[in-house]
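**Student:** Build me a model:
(4 chains)
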Protein chains: 2
Amino acid sequence: MATVWQCQGVTSASTAGAVRQGSLRELNLAVVLRRIAAAERPPSRAEIAAGTGLTRATVSAVVDDLIAGRLVAEADPAPRTGAGRPARGLVLAADGPAGLGLEVNVDYLAACVVDLTGAVRHHVVRRADLRPLSPADALDRLAALAAEARAAAVHDGLTLAGAALAVPGLVGDGGLVRLAPNLGWRDVDVPGLLAGHPLAEPVDGIPPLVVDNEANLAALGELHAGPPGSASFLHISGEIGIGAGIVLDGVLYRGARGWSGELGHIPVHPEGRPCRCGGRGCLERYAGQEAVLAAAGLSGGELPADTAATRLADLAAADDPATLAALADAGTALGVAVAGVVNLLDLDTVVLGGGYAPLAPWLAPPVVAEISRRVLTAAWSPVTVRPAALGAQSAAVGGAASVARRIIERPVGWLARSG
Amino acid sequence: MATVWQCQGVTSASTAGAVRQGSLRELNLAVVLRRIAAAERPPSRAEIAAGTGLTRATVSAVVDDLIAGRLVAEADPAPRTGAGRPARGLVLAADGPAGLGLEVNVDYLAACVVDLTGAVRHHVVRRADLRPLSPADALDRLAALAAEARAAAVHDGLTLAGAALAVPGLVGDGGLVRLAPNLGWRDVDVPGLLAGHPLAEPVDGIPPLVVDNEANLAALGELHAGPPGSASFLHISGEIGIGAGIVLDGVLYRGARGWSGELGHIPVHPEGRPCRCGGRGCLERYAGQEAVLAAAGLSGGELPADTAATRLADLAAADDPATLAALADAGTALGVAVAGVVNLLDLDTVVLGGGYAPLAPWLAPPVVAEISRRVLTAAWSPVTVRPAALGAQSAAVGGAASVARRIIERPVGWLARSG
DNA sequence: CCATTTAATTCAACCACTGAACAAATTGCG
DNA sequence: CGCAATTTGTTCAGTGGTTGAATTAAATGG
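**Tutor:** Predicted structure coming up:
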């Protein structure tokens, strides 16, 4: 009776491999670095030792490695501590490795560079309607933008350690874009088309290029930029489709096959309006960009997402009745779907991102109303609904930040780079 | 002896503590033990070494510790390997620590003992209507049942290392049952009421008693008993309320506050039937036990769940038209909600458990229909809908198995017990 | 100016893994 | 039957990295 206790998932946390001798240092490098990254103010070696349970001797040795590897620097001025020898505060290095974030969307390309501290060191958005272009041409332009960003990073003394590309669509294994309906892409082999463009210097443990869903990376951006403490949240990207990134306990959940977050096709009126997915009454048909524009009396189903959102926000700010009604209805539909999600996942925060970010003043109230009406546990603990901290550009930033985060989670790859 | 009563906390991935010197052994004990637990057939020390990357010397030393601690035993007969010195197969010990699973439900109490290998060594169900009893009286009876189970375990040479209690309701920190509507419990301090009843011998790292939602533990039972490969699934417990346990990548997801899985209050008809939760159109009002019984023309809203389910199954098997229609409608409503969940979480398996298990032949087809109609990615990869492997009794077994699983995940606690 | 206090480093000791050599136990071939 | 081949498991000196105490460093305060 062979009983299987643990099924190997796609990325299981408990798949921790064997701990060899050197792993000890590897693990402690990560522990100390995480501690420095998570601290409110620059901690001293002694504080880290007290907080982690390691000895001061060990912490000193580990910190030496981190400083030698340009991952950590000593902060000045030193924090005041009172009597005794003054502590030397430790901060993440601002001149070490950095992540490159890229985004391809319907009407713009974006590239940004985020360093270890989380600071956005470089950010370019190039507006252009990409729908007429072939995937190869679009990616060529993206590569040019990436090269610019890389040059800027090098100029700042940074080293790009990896890149993440956000795409508005379903992404399969190996960076294959299965379907990006609004771009008109289908089965596009992004890594293949980008081969030859050196986007980043390969670092052990950091893939040179990760392709991911735009909503996923935007959620990571929110995790990175948002206030600490909300480690379980739903980040909703309201565009033509409605995607969502799910962060549970500080970890992005990608689903069994990497296709989680299809919030737009949650049924809100089971026998309601037919949807292009084949179902009926999907959320997208009530709170998607096209539906809201139509309800507000605007015809531009082909408007870019942020243009549409700002136009709606302008009209709503001017108290246009049709727009206000359209947003109220969309918010209610969104609230119904979100209430279901919160009931299921017990989230404490819902973030309105993408095109929803500028509309949050009008969307959030009905969403909150539906949540408090329908969520059983809302009485015990309130659910926060707030706009995305990074706004519409969070996917590129989130991608770049995810690269930096990976280095913090496993610094040995970077340290092994060149000695 | 001061025993610490605690609830299964929300474990954050980033709380990974420092790796002290001894942790190295601690981690490798877990690595080797997991390997033995996950293997199809008893592996040899050499196979473990090859599979993990550890040296044979290290594996031998680790295995010696595990055998000395009665967590592992050498299997006989030894597996045939061909030429060379014959390997000595390693299996999980059947006479070491074991977990105690308990369940309080509307019309029965249950206790079971599961050993490390996953075998159910003892299982008692005591039928009784618990609703007239006070929580204290009910828990007294439960404690008596637990004492019996403990005696049986000791008789078998087992040592109980912890207990898990399944309750049909919301469980807060510290084992406080906030609300168990069908039991009529509200803010019941279970650990306080059970103080003095030695349910298990405290083991470092294994809380003596964990109180958890019935649906959560049932999902763990399914993870334990179900076929391997489905490490991300939704386990639905259809009772008077509809709860769900969410297993993602082999890990039970509890939610930010431990209250995940309220599937019953997902809206399926936003302005439909009013629900006692204050919302309208909750799934529970269309697929909950009361709704189905009423639709089938049965009045017994107070029937125990399994009785109601078997009665419905009998009627359906006899082709009773009203029952068939009621189940079809319930299945459709369930399918709408589940389709939303699958769209959101990209699950590959949905398990019908609790009272739904015997009704699966009639519920599964409409659920599958709604999924294939509404789930965008169903075209790429099918979603399996199946009845629970353990049936209605999975919560107690799942709780007991979760205790055993904890020992496998962190054996050092058990090994430190008494030398 | 000196006692006090806290931070960081140094250093011998120790723990657990490493790698190679060795012993054990079986198969297969002459 | 005997011996080479083969694979398993153990022994043992060696090493990397943590440990804990002692030591040095650098400030405050009376």
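**Student:** can we go C-alpha only for contacts and neighbour counts from here?
**Tutor:** Will do.
**Student:** Domain boundaries for chain A, per the record?
**Tutor:** A:23-75, A:97-219+A:395-415, A:227-388 (automatic domain parsing).
**Student:** Compare the ones you listed and give me the one nearest chain B.
**Tutor:** Set against chain B and scored by CA to the nearest CA, the domains of chain A come closest in domain A:227-388, at 4.3 Å.
**Student:** could I get the domains of chain A as a markdown table with mean neighbour count and distance to DNA strand C?
**Tutor:** A markdown table is the format used below for the domains of chain A (neighbours: other CA atoms under 10 Å in any protein chain shown; distance: least, CA to the nearest atom of the strand, whole Å):
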| stretch | mean neighbour count | distance to DNA strand C |
| --- | --- | --- |
| domain A:23-75 | 19 | 4 |
| domain A:97-219+A:395-415 | 21 | 16 |
| domain A:227-388 | 22 | 25 |
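**Student:** who wins for proximity to B:P132 among those domains?
**Tutor:** domain A:227-388 (25.3 Å; CA to CA).
**Student:** gap between the two ends of that closest one?
**Tutor:** 11 Å (CA to CA, to the nearest Å).
**Student:** any idea how far it is from the chain center?
**Tutor:** Counting by CA atoms, centre = their mean, to the nearest Å, domain A:227-388 is centred 17 Å from the centre of its parent chain.
**Student:** how about A:L347, what does it touch?
**Tutor:** A:232-234, A:383, B:255-256 (CA atoms under 8 Å, 6 or more residues apart in numbering or on different chains).
**Student:** Among these, name the ones in strands.
**Tutor:** A:233-234 (DSSP state E).
**Student:** can you put the contacts of A:L347 in JSON lines and add pLDDT?
**Tutor:** Formatted as JSON lines, these follow (pLDDT from 0 to 100):
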{"residue": "A:S232", "pLDDT": "91"}
{"residue": "A:F233", "pLDDT": "95"}
{"residue": "A:L234", "pLDDT": "97"}
{"residue": "A:V383", "pLDDT": "94"}
{"residue": "B:G255", "pLDDT": "91"}
{"residue": "B:A256", "pLDDT": "87"}
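**Student:** Distance of A:A146 relative to A:A400?
**Tutor:** 12 Å.
**Student:** and what of A:Q21?
**Tutor:** Relative to A:A400, and taking CA to CA, A:Q21 is found at 32 Å.
**Student:** picking up where we left off before, list residues touching both of A:A146 and A:A400?
**Tutor:** Shared contacts of A:A146 and A:A400, counting by CA under 8 Å, 6+ apart, come down to A:100, A:102.
**Student:** A:H235 contacts A:G353, correct?
**Tutor:** Yes: assessed by CA atoms under 8 Å, A:H235 is found in contact with A:G353 at 6.4 Å.
**Student:** what touches both of those two?
**Tutor:** Common neighbours of A:H235 and A:G353, counting by CA under 8 Å, 6+ apart, are A:218, A:388.
**Student:** and A:L352, that's in a helix?
**Tutor:** No: assessed with DSSP: H, G, I helix; E, B strand; the rest coil, A:L352 is strand; it does not lie in a helix.
**Student:** and it, what does it touch?
**Tutor:** Counted by CA under 8 Å, 6+ apart, A:L352 has contacts A:235-238, A:360, A:385-388.
**Student:** For the stretch 301-419 of chain A, give me the ranges with low pLDDT.
**Tutor:** A:301-306, A:418-419 (pLDDT under 70).
**Student:** OK, contacts around A:L170?
**Tutor:** With contact set as CA under 8 Å, 6+ apart, A:L170 has these partners: A:177-180, A:213, A:259.
**Student:** Within reach of chain B, which of those are there?
**Tutor:** Residues of those in contact with chain B (CA under 8 Å from any CA of the partner chain): A:W259.
**Student:** could the contacts of A:L170 go into CSV alongside distance to B:R127?
**Tutor:** Output for the contacts of A:L170, formatted as CSV (distance: CA to CA, whole Å):
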residue, distance to B:R127
A:V177, 55
A:R178, 53
A:L179, 54
A:A180, 56
A:N213, 51
A:W259, 44
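**Student:** Great, nothing more from me.
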